[in-house]
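S.K.: I need the structure of the sequence given here:
(one chain, ligands or ions: 2)
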Amino acid sequence: MRTSIATVSLSGSLTEKLTAASRAGFDGVEIFENDLLASPLTPEEIRARCADLGLGVDLYQPLRDIEAVPEDEFARNLRRARHKFELMRRLGADTVLVCSSVSPLAVDDDALAARQLAELAHLAQDFGIRVAYEALAWGRHVSTYDHAWRIVAAAGHPALGTCLDSFHILSRGSDPKGIEDIPGEKIFFLQLADAPRLAMDVLQWSRHYRCFPGQGGFDVAGLVGHVLRTGYRGPLSLEVFNDVFRQAEAGPTAVDAHRSLLALMETVGATALPPPVVPTGIAFAELVTPDTAPVTARLAALGFARTARHRGKPVDLWQQGDARILVNTGPAARRDGTQLAAVGLESPDPAGAARRAEALLAPVLPRRRAREDVPLDAVAAPDGTELFFCATGHDPRLPDWRSDFEPVGHTPDTPGSAPGVTRIDHLALTQPWHQFDEAALFHRTVLGLRAQESVDVADPYGLLRSRAVTNADGSVRIALTVGAAPTDDTVRAQHLALATDDVVTAARRFRAAGGRLLPVPANYYDDLAARHGLPEEELATYRELGILYDRDAHGVFRHCYTTTVGRVFFELVQREGGYRGYGAPNAPVRLAAQHAAR
Ligand SMILES: O=C(O)c1ccc(O)c(O)c1
Ligand SMILES: [Mg+2]
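M.R.: Ligands and ions are numbered 1, 2, ... in the order given. Below you'll find the model as predicted:
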């Protein structure tokens with residue numbers, strides 16, 4: 001099917017928007033009137049630019065406040081429309097969107113609306129133009145798709161059809177099943193947008209909070225299924241009014257937009273993509289650092305041993321139990337400071353995982369970082385984190401990334417031999433401020449992970465949002481976070497959470513080995529005592545070590561934090577009884593403590 005995007009969904013000049021849409025692989029655009037009015041290009045130049053970029057001008061929009069008005073007013077509206085049709089002819093656009101009137105002059109008279117829309121369509125026809133009538137959710141008299149369709153049907157003009165917009169339909173709670181009663185050839189256009197479920201005025205909701213399909217709470221794919229069953233074969237077009245996307249760079253936004261549409265088309269069976277290959281564990285996390293000592297001192301104190309070194313690069317493998325951390329001191333480290341740069345995901349089919357990622361527009365990274373390296377499939381996540389699809393000896397047919405490493409003589413503790421770290425529990429990756437929703441969609445569609453609900457976390461200097469993506473058994477957990485103050489290193493911090501069966505002993509061992517744990521204020525423990533009624537002795541231990549505590553319907557969570565190096569800190573976590581969360585209620589206390597420590 002044709003994919004299209006409204007210029008209002010992207011930031012920049014019209015030229016920048018068109019270029020971004022074309023590069024991201026869209027077939028066409030809806031040109032929003034304001035973008036044309038503000039452009040220094042003539043309509044002919046815009047048409048030529050679109051042609052050069054391989055874009056069709058699938059829709060010109062919107063014509064407003066046309067129908068169901070007194071005759072003298074309607075005569076003025078027709079003059080206005082004629083001017084637009086002349087413009088559209090120069091632009092090479094053959095469909096115009098007319099949205100239902102919000103004018104105080106409009107009357108509640110369907111027969112009048114139908115008669116005037118037929119007259120408009122008659123004029124449009126002379127210009128080779130079709131009119132697509134759309135119910136705005138806040139239209140004065142027409143606000144539902146079935147009402148707009150009744151008027152279109154009554155008008156009975158071949159150049160008049162309807163435009164369906166998933167936002168207007170789903171925001172009002174209309175049942176989209178009735179779409180199947182509209183003949184496909186009378187649906188002239190289909191606009192798609194998702195939105196988070198918010199209890200607010202629908203106009204404000206529409207103009208500021210729409211998002212790409214799959215990022216919000218609507219069943220957009222379900223709606224598209226109904227539309228396709230009518231026989232509609234026109235474009236699937238994204239029309240997303242969103243305050244964040246208006247500011248974000250158009251190029252990446254357009255790619256994210258197209259990915260969301262591809263995933264939606266897969267869901268409704270309109271396209272076939274390589275199937276998702278869900279990762280089965282975390283093979284490694286890779287830190288880059290220009291300043292090795294503070295990182296390795298923390299790892300050693302946590303009980304990690306340096307077990308191997310890369311044959312060709314300044315990269316060490318530190319290991320404990322099944323937790324593997326690469327410490328890279330190469331050139332990227334000097335450029336970027338200490339940060340989590342790459343994640344190795346255990347994959348039953350690394351090549352298949354990479355094929356899906358590529359089909360969903362993820363940048364594919366070179367298979368070998370150096371000529372002599374084992375070939376590994378890798379892609380870049382939206383935040384730039386490199387994701388390696390790899391095998392850690394679980395399948396003899398797949399190359400083992402560890403073959404690039406030479407043992408250095410230390411053997412790690414075997415899991416369970418000492419109460420240390422058993423595995424990586426989760427990773428927390430900070431996303432660029434404008435890519436939070438996209439990050440969740442990426443991890444869900446590209447990696448086949450499940451996204452949990454987003455939670456708000458109060459930081460002393462702004463609000464953070466956090467959303468976890470996981471595989472079914474919890475062996476892959478990634479917390480995606482975003483903050484309001486992107487330049488602040490506490491807000492930009494990433495962390496590596498390490499699982500242990502006994503956080504108290506692990507914390508004591510870390511301290512005894514010279515490690516410093518993040519101090520937690522006494523007020524926190526007074527509150528904890530009141531909330532959970534923990535025995536005084538247990539509380540005293542937590543107080544002493546800075547251990548935080550949480551409980552959900554499934555179990556208990558105890559955790560503590562190291563101090564931060566660059567953008568990175570470590571967390572020791574003990575999950576008991578199937579606890580599913582990440583200690584979110586404690587995050588504000590942790591963030592305040594980290595700001596204080598800075
Ligand atoms: O918010 C609006 O005015 C507006 C305009 C055109 C549309 O297609 C739409 O869905 C909303
Ligand atoms: Mg619309």
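S.K.: who's in contact with whichever strand or helix holds A121?
M.R.: Using DSSP states H and E, A121 sits in helix 110-126. Residues from elsewhere that reach helix 110-126 (CB atoms under 8 Å, 6 or more residues apart in numbering): 66-69, 74, 77-78, 81-82, 85, 96, 98, 130-131, 133, 141-142, 147, 150-152, 154-160. Where C-beta positions appear, they are placed from N, C-alpha and C, glycine not excepted.
S.K.: Specify the residue positioned farthest from the middle of the protein.
M.R.: Distance from the centre of the chain peaks at D72, with 48.9 Å (CA atoms, centre = their mean).
S.K.: buried set for the helix holding A121?
M.R.: Using 16 or more other CB atoms under 10 Å as the test for burial, helix 110-126 gives 110, 112-122, 124-125.
S.K.: Considering only those, which also neighbour ligand 1?
M.R.: Among these, no residue sits close to ligand 1 (CB under 6 Å from any ligand atom).
S.K.: can you pull out the strands in the stretch 1-150 of the chain?
M.R.: According to DSSP state E, counting those that start in this stretch, the stretch 1-150 of the chain carries its strands in the segments 3-6, 28-32, 56-63, 95-99, 130-134.
S.K.: what residue lies at the spatial centre of the chain?
M.R.: E438 (1.7 Å).
S.K.: one step back: L170: which of the strands of the stretch 1-150 of the chain is closest?
M.R.: L170 sits nearest to strand 130-134 of all the strands of the stretch 1-150 of the chain, at 14.1 Å, using CB to CB.
S.K.: Any stretches of the chain with poor pLDDT?
M.R.: Filtered on pLDDT under 70, the chain yields the residue ranges 410-419, 484-489.
S.K.: So D459 sits against R590, correct?
M.R.: No: when contacts are counted by CB atoms under 8 Å, D459 is not listed as touching R590 (9.6 Å).
S.K.: ok, how many other residues are close to the one residue in the stretch 301-450 of the chain that gets nearest to ligand 2?
M.R.: Residue nearest to ligand 2 within the stretch 301-450 of the chain: D437 (19.7 Å; CB to the ion). Neighbourhood size, D437 [other CB atoms under 10 Å]: 27.
S.K.: any idea how far ligand 1 is from it?
M.R.: Distance, D437 to ligand 1, using CB to the nearest ligand atom, to the nearest Å: 19 Å.
S.K.: where does that residue land in three-state SS?
M.R.: Put simply, D437 is helix when judged by DSSP: H, G, I helix; E, B strand; the rest coil.
S.K.: check contacts around the closest residue to it other than its chain neighbours.
M.R.: In this structure, D437 finds its nearest non-sequential neighbour in Q215, 4.1 Å apart by CB to CB, 6 or more residues apart in numbering. Shown in contact with Q215 (CB under 8 Å, 6+ apart): 194, 260, 437-438, 440-441.
S.K.: Identify the nearest residue to C50 in space, disregarding sequence-adjacent positions?
M.R.: V57 (5.6 Å).
S.K.: And the strand or helix carrying A353, what's buried?
M.R.: Assessed by DSSP H and E, A353 sits inside helix 350-359. Judged by neighbour count (16+ other CB under 10 Å), helix 350-359 contains these buried residues: 350, 352-359.
S.K.: what do you get for stretch 78-91?
M.R.: Those would be 78, 81, 84-85, 87-88, 91, for stretch 78-91 by 16+ other CB under 10 Å.
S.K.: Reformat the residues you listed as a markdown table; add distance to F304.
M.R.: Output for these, formatted as a markdown table (distance: CB to CB, whole Å):
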| residue | distance to F304 |
| --- | --- |
| L78 | 76 |
| A81 | 71 |
| K84 | 67 |
| F85 | 70 |
| L87 | 67 |
| M88 | 66 |
| L91 | 63 |
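S.K.: what's the spacing between the residue of the stretch 451-598 of the chain at minimum distance from ligand 1 and D243?
M.R.: The minimum distance from the stretch 451-598 of the chain to ligand 1, using CB to the nearest ligand atom, falls at S454 (24.9 Å). Plainly put, S454 is 17 Å away from D243 if you go by CB to CB, to the nearest Å.
S.K.: picking up where we left off before, from the buried residues of stretch 78-91, which two are the most distant?
M.R.: Among these, L78 and L91 lie farthest apart (CB to CB), at 19.6 Å.
S.K.: Quote the end-to-end distance of stretch 366-379.
M.R.: 9 Å (CA to CA, to the nearest Å).
S.K.: try stretch 202-220
M.R.: 17 Å.
S.K.: List the buried residues of it.
M.R.: 202, 205-206, 209-216, 218, 220.
S.K.: Next: stretch 365-374.
M.R.: Buried, per 16+ other CB under 10 Å, within stretch 365-374: 365, 369, 373-374.
S.K.: Near ligand 2, which residues of the chain? Just list them.
M.R.: 165, 191, 239 (CB under 5 Å from the ion).
S.K.: Nearest to V327 among those?
M.R.: Closest to V327, out of all of the residues of the chain next to ligand 2 and judged by CB to CB, is E239, at 46.7 Å.
S.K.: Let me know how buried the closest one is, in neighbour terms.
M.R.: E239: 27 neighbours (other CB under 10 Å).
S.K.: if I pick it, what's in contact with it?
M.R.: Counting by CB under 8 Å, 6+ apart, E239 has contacts 5-6, 8-9, 30, 165, 167, 191-193, 210.
S.K.: Report the buried residues of stretch 517-526.
M.R.: Under 16+ other CB under 10 Å, the buried positions of stretch 517-526 are 517-518, 520, 524-525.
S.K.: cool, stretch 262-279 as well?
M.R.: So for stretch 262-279, counting by 16+ other CB under 10 Å, buried means 262-268, 270, 273-274, 276-279.
S.K.: Which pair in these has the greatest spatial separation?
M.R.: Pairwise over the buried residues of stretch 262-279, using CB to CB, the maximum falls at A270 and P279, 26.7 Å.
S.K.: sorry, back to before: ok, now how distant is the residue nearest to D437 from ligand 1?
M.R.: In terms of CB to the nearest ligand atom, Q215 sits 17 Å off from ligand 1.
S.K.: Hmm, R298 and G514 touching each other?
M.R.: No: counting by CB under 8 Å, R298 is not a contact partner of G514; they are 9.5 Å apart.
S.K.: Those two - which one has more neighbours?
M.R.: A count of neighbours by other CB under 10 Å puts R298 above the other of G514 and R298, at 22 against 10.
S.K.: got a list of what D65 touches?
M.R.: 77, 101-103, 105-106.
S.K.: how about stretch 275-292: buried residues?
M.R.: Buried residues in stretch 275-292, defined by neighbour count with 16+ other CB under 10 Å: 276-290, 292.
S.K.: For the longest helix along the chain, name the packing helices and strands.
M.R.: Longest helix of the chain, by residue count under DSSP state H: helix 71-91. Helix 71-91 sits against helix 43-52, strand 56-63, strand 95-99, helix 110-126, with contacts defined as 3 or more CB pairs under 8 Å, 6 or more residues apart in numbering; DSSP states H and E.
S.K.: related to what we said a few turns ago, just the ones of the buried residues of stretch 517-526 in helices?
M.R.: Reading helices off the buried residues of stretch 517-526 with DSSP H, I get 524-525.
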